[in-house]
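A.B. asks: Sequence first, then the predicted structure:
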Amino acid sequence: MGKANQDIAAPGRVKEITSQANPAIKEIRALFQKKYRDRQRIFIAEGRKLIVDALDQGWTIRTLVYAKAAGAEFETTAARAVAAGGDALIVPEKLLSAITRRDNPQMVIGVFEQRFKALETIAAKQSEVWVGLDRVRDPGNLGTVIRTVDAAGAKGVVLIGDCTDPYAPEAVRATMGSIFSVPVVKCTEDAFCQWRPRYSGLVAGTHLAGSVDYRTVDYTDRPLMLLMGNEQKGLSERLAGQCDVLVRIPQAGKADSLNLAVSTGVVLFEARRAALVLGDDGDTQ
Ligand code: SAM
């Protein structure tokens with residue numbers, strides 16, 4: 001068989017399923033639990049646009065589940081998934097509710113293979129910006145940060161230490177599809193600190209005790225690794241010690257701090273200010 005033929009996935013199967021007790025449906029429902037996601041290294045994404053984007057970007061689909069009552073465009077998406085080697089399951093809408101635990105579910109969900117990049121692949125490349133998250137715990141925060149990184153044109157996210165799972169359904173939902181375009185690295189604090197001396201970009205930590213106003217830093221002269229602290233405990237002392245600069249966002253009012261995802265957005269858009277330009281057609285960059 002020629003190389004070109006070997007690269008083409010064998011088509012998946014199409015099946016109609018009506019029972020929650022079906023093993024394929026049980027397996028998908030189990031993906032709401034982290035231990036099954038970790039074991040199988042797959043995750044659920046909901047909604048046709050997300051799934052089409054993911055297929056366009058070459059993500060590997062295992063299964064597509066869609067409502068029998070969905071329109072013709074869903075059948076086209078299912079045909080794409082099957083051609084890419086995934087199985088297509090046609091189900092009643094109430095089964096989609098049972099899978100997604102939602103009263104008004106999306107008409108289609110996809111099960112995709114997870115992807116993580118290795119920390120060693122991050123090099124200080126001109127104008128590349130990464131966001132490092134220290135022990136982020138809230139899936140909504142993580143998803144929102146991934147979406148923000150995407151919108152700011154930053155490169156990716158590094159999850160340092162005991163972080164929530166980026167492939168949890170709540171996190172994936174909060175990314176609004178950016179999970180498919182933002183590379184995610186996962187590492188321990190030890191591994192990050194060992195890698196740090198080899199990184200020649202600026203490492204800027206955000207800290208409530210930072211002595212530098214985040215607006216006064218020149219983010220344009222080297223690549224950037226922006227470190228954000230845990231929701232309760234802030235940035236660990238050890239990670240703060242790895243930073244070239246600790247920046248603070250000046251605040252008014254009585255709030256102790258900003259939300260993690262909000263503060264990431266504030267600093268990230270400042271750091272990317274020079275690179276983000278509104279074009280004539282309203283698009284950025
Ligand atoms: N109690 C925590 C502390 O003492 O740091 C609050 C953490 S805050 C909710 C989560 C993270 O958002 C912080 O670790 C920091 O990275 C960032 N952050 C929030 N407000 C900030 C501010 N005003 N200046 C700099 N960073 C801030």
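C.D. replies: Received, thanks. Residues are numbered from 1 along each chain as shown.

A.B. asks: Any regions of this structure where pLDDT drops low?
C.D. replies: Within the chain, the ranges that satisfy pLDDT under 70 run 1-8, 279-285.

A.B. asks: quick one: the strands in it?
C.D. replies: Taking DSSP state E to define them, one finds strands in the chain at 14-16, 42-46, 61-67, 87-91, 108-113, 129-134, 156-160, 184-187, 202-206, 212-213, 224-228, 245-248.

A.B. asks: As CSV, those strands with mean neighbour count and distance to the ligand would be great.
C.D. replies: Where you see a C-beta, it was placed from the backbone N, CA and C, and this is true even at glycine. Shown next, in CSV, are the strands of the chain (neighbours: other C-beta atoms under 10 Å; distance: least, C-beta to the nearest ligand atom, whole Å):
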stretch, mean neighbour count, distance to the ligand
strand 14-16, 13, 46
strand 42-46, 22, 26
strand 61-67, 24, 35
strand 87-91, 22, 41
strand 108-113, 23, 30
strand 129-134, 25, 7
strand 156-160, 24, 12
strand 184-187, 20, 18
strand 202-206, 23, 3
strand 212-213, 12, 10
strand 224-228, 25, 4
strand 245-248, 18, 4
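
A.B. asks: What residues of stretch 188-199 count as buried?
C.D. replies: 189, 191-192, 195-196, 199 (16 or more other C-beta atoms under 10 Å).

A.B. asks: In helices only, show me those residues.
C.D. replies: The helices, defined by DSSP state H, take in 189, 191-192, 195 from these.

A.B. asks: What is the most widely separated pair among these?
C.D. replies: Spanning the widest gap among those are Glu189 and Trp195, at 10.8 Å by C-beta to C-beta.

A.B. asks: What segments of the stretch 1-150 of the chain are helices?
C.D. replies: In chain order, the stretch 1-150 of the chain shows helices spanning 3-6, 23-30, 34-40, 48-56, 72-83, 93-100, 139-151, with DSSP state H, counting those that start in this stretch as the criterion.

A.B. asks: right, and these - which one's nearest Leu159?
C.D. replies: Evaluated with C-beta to C-beta, the helices of the stretch 1-150 of the chain place helix 139-151 nearest to Leu159, the distance being 7.9 Å.

A.B. asks: Report whether the closest one contacts the ligand.
C.D. replies: No: applying C-beta under 6 Å from any ligand atom, one finds helix 139-151 separated from the ligand by no less than 8.7 Å.

A.B. asks: angle of that helix against strand 156-160?
C.D. replies: Taking axes from the mean of the first three to the mean of the last three C-alpha atoms, to 10 degrees, helix 139-151 and strand 156-160 form an angle of 150 degrees between their directions.

A.B. asks: Pull helix 139-151 out as PDB, backbone CA atoms only.
C.D. replies: What follows is helix 139-151, C-alpha atoms only, in PDB (Å, rounded to 0.1, in the frame of the first residue of the first chain):
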ATOM      1  CA  PRO A 139     -12.500  25.000  35.300                       C
ATOM      2  CA  GLY A 140     -14.400  28.100  34.300                       C
ATOM      3  CA  ASN A 141     -11.400  30.300  35.000                       C
ATOM      4  CA  LEU A 142      -9.100  28.000  33.000                       C
ATOM      5  CA  GLY A 143     -11.500  27.900  30.000                       C
ATOM      6  CA  THR A 144     -11.800  31.600  30.100                       C
ATOM      7  CA  VAL A 145      -8.000  32.100  30.200                       C
ATOM      8  CA  ILE A 146      -7.600  29.700  27.200                       C
ATOM      9  CA  ARG A 147     -10.200  31.700  25.300                       C
ATOM     10  CA  THR A 148      -8.500  35.000  26.300                       C
ATOM     11  CA  VAL A 149      -5.000  33.700  25.300                       C
ATOM     12  CA  ASP A 150      -6.500  32.800  21.900                       C
ATOM     13  CA  ALA A 151      -8.200  36.200  21.500                       C
END
